[in-house]
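# Here you go, sequence then predicted model.
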Amino acid sequence: MSPKPLSWLACVLVPVLCAGLTAPPASAEGCEGYAAEAQPLPNQNVEIPNPGKFAFGRPTGHKPTGANDKAPLPNIGQMLARALTPSAQAPSAQTQKQAAVVPVPAPNATVPAPVAAQPIPAPAVAAAPAPAGVAPGTSVVGWVTGPDSPNKTIQNLAVTGTDLGIMWDNGDPANDQVLMAFGDTKGFCQIPGKQWRYNVLMRSSDRTLANTVAVGDAAMGNRYSGSPIWRPGIAKQIVNSINAAPEETGIIPTAGVGYGGKQFMNFMSIKTWDNDGQWTTNYSALAVSSDNGESWGVYPGTIRKPEAGNQNFQMGAFLRPGPGDLYLYSYGTPSGRSGSAYVARVAPALVPDLTKYEYWNSDTNSWVPGNPAAATPVIPGPVSEMSAQFNTYLKQYLVMYTNRSNDVVMRTAPAPQGPWGPEQMLVSSWQFPGGVYGPFMHPWSTGKDVYYNLSLWSAYNVMLMHTVLP
């Protein structure tokens, strides 16, 4: 709990002053120095195309605009008591790097059929006063992944670098856990293909969150252990290609929810990583697991190609019902980081049946069944990689995302469709010139103390943040 050294503060306030300084150990490329102990993935004998393109193992498109790869990383151990405050923007020079993804061959998956249910009437949601327009106090808790994480994701899961960390409650009354889905994941650099995985999953039963989101030990075939693994020491890719597109360079999770003994995860199939903060999708779809995330299948009927209104639902954010509400809500944004947010709702038992979704249309002030093209924006863009929940302290719906300036912001509303209040700053991109993105809220922190995962590009790892609401 020691105070932050003045030299580090100068680096944060005037990054150019630190151009010649040595960054702390976490700033090194995540997989350097660990290859000697690494074990190859099970598909090590599969031919790997263009391995030379794995210069940094990061897809260009996920890089926030203006992020500085060489920015000194914060020493989180010295930041525990430091409150983050809003500050002016200081743009960084943009760089572009080519990267490629090595797909892992997909097993054939059996896809369960959707469950029928009766229509549920729309509930009335009472308005509540919006919080004052001041920036809440925010601080860093600790690393969730990477070389400085107490979870030892390198030694235990061969995860040296990853991002996102989407969190949701598994809804299992026998063993309640928070599941975390991560995006493009790299392992040990000297293994062919750098043990690249499209996605991995971790599990946590941690309710204290004092140091970070604690991940338990992983065990083969144990659906409640810390992670699904191929074998001890390596987390497996959980959602594989279904070969529904001729060109695919990523399968990235964007939202998850547990209901009725199943886990549902929205993901996007990446066609191309384009400029910083931009990418093109083949489609989005729903994956399902009946064993707490150990194995996954994909509902073919949930594929949304980017057309006929479905282009606005390429990335998602699930929202569990608030008090008196029986619908599950699904927010959507287009691919990349420049689009607005839209919202649909569905009876939870009908999540895999896209024909049962209703889309909010502000022109008619009504929910329109079965027509994604009828959806109108509920939050103006740019809205990037958002998460949503009903907050029990505010008695309001709460969303977090990164905006045009790559700042982490939040908004509140009395109903899932809005009206949404103004943006409130949580983390300025200038405070983290390495590039922050993907604020995904912890589902068990719905009160005054809100915890959320946040990715830092320059480290290409995930840290836990803490915001105290006013």
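Perfect, I can see it now.
# how about Ile166, what does it touch?
Shown here is Ile166, whose contacts under the criterion Cβ atoms under 8 Å, 6 or more residues apart in numbering are 180-182, 253-256, 387, 438, 440, 453. To be clear about C-beta, it is placed using only N, CA and C from the backbone, and glycine gets the same treatment.
# dump the residue contacts of the residue nearest to the spatial centre of the chain.
When Cα atoms, centre = their mean is applied to the chain, the residue found nearest the centroid is Leu164 (3.3 Å). Neighbouring residues of Leu164 by Cβ under 8 Å, 6+ apart: 181-183, 252-253, 385, 438, 440, 453, 455, 462.
# what about the residue nearest to it when sequence neighbours are not counted, how many neighbours?
Nearest non-adjacent residue to Leu164, counting by Cβ to Cβ, 6 or more residues apart in numbering: Gly183, 4.3 Å away. A count of nearby residues for Gly183, using other Cβ atoms under 10 Å, gives 27.
# Quick check: Gly183 vs Asn461, distance?
For Gly183, the distance to Asn461 equals 12 Å [Cβ to Cβ, to the nearest Å].
# quick one: the helices in this protein?
Here the chain has its helices, by DSSP state H, at 6-13, 153-157.
# Ranked by average pLDDT, which of the ones you listed falls at the bottom?
Among these, helix 6-13 has the lowest mean pLDDT, at a mean of 30.
# any idea of the pLDDT on Tyr359?
At Tyr359, pLDDT is 98.
# Could you verify my assumption that it touches Pro377?
No. At 11.5 Å, Tyr359 does not count as touching Pro377 under the criterion of Cβ atoms under 8 Å.
# Now list whatever residues contact both of these two.
Shared contacts of Tyr359 and Pro377 (Cβ under 8 Å, 6+ apart): Tyr342.
# Which of the two has more residues huddled nearby?
Between Tyr359 and Pro377, counted using other Cβ under 10 Å, the more crowded position is Tyr359 (25 against 17).
# OK, contacts around that one?
Residues near Tyr359 by Cβ under 8 Å, 6+ apart: 309, 342-344, 367-369, 371-372, 374-375.
# Any quick PyMOL command for the buried ones out of those residues?
The PyMOL command for the buried members of these (criterion: 16 or more other Cβ atoms under 10 Å) is given here:
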select buried, resi 309+342+343+344+367+368+372+374+375
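# tally of neighbours for the closest residue in space to Val141 that isn't next to it in sequence?
In this structure, Val141 finds its nearest non-sequential neighbour in Leu464, 4.1 Å apart by Cβ to Cβ, 6+ apart. Applying other Cβ under 10 Å, we find 21 other residues in the vicinity of Leu464.
# Please name the bridge partners of Leu464.
Leu464 has these beta-bridge partners by DSSP bridges: Gly142, Asn453.
# In contact with it, which residues are there?
By Cβ under 8 Å, 6+ apart, Leu464 lies in contact with 140-144, 209, 212-213, 442, 451-454.
# Over to Gln278?
61, 335-338 are the contacts of Gln278 under Cβ under 8 Å, 6+ apart.
# Which one of those residues is nearest to Gly418?
Ser338 (20.1 Å; Cβ to Cβ).
# Next up, the contacts around the residue nearest to Leu164.
Residues near Gly183 by Cβ under 8 Å, 6+ apart: 62, 162-164, 198-199, 250, 252-253.
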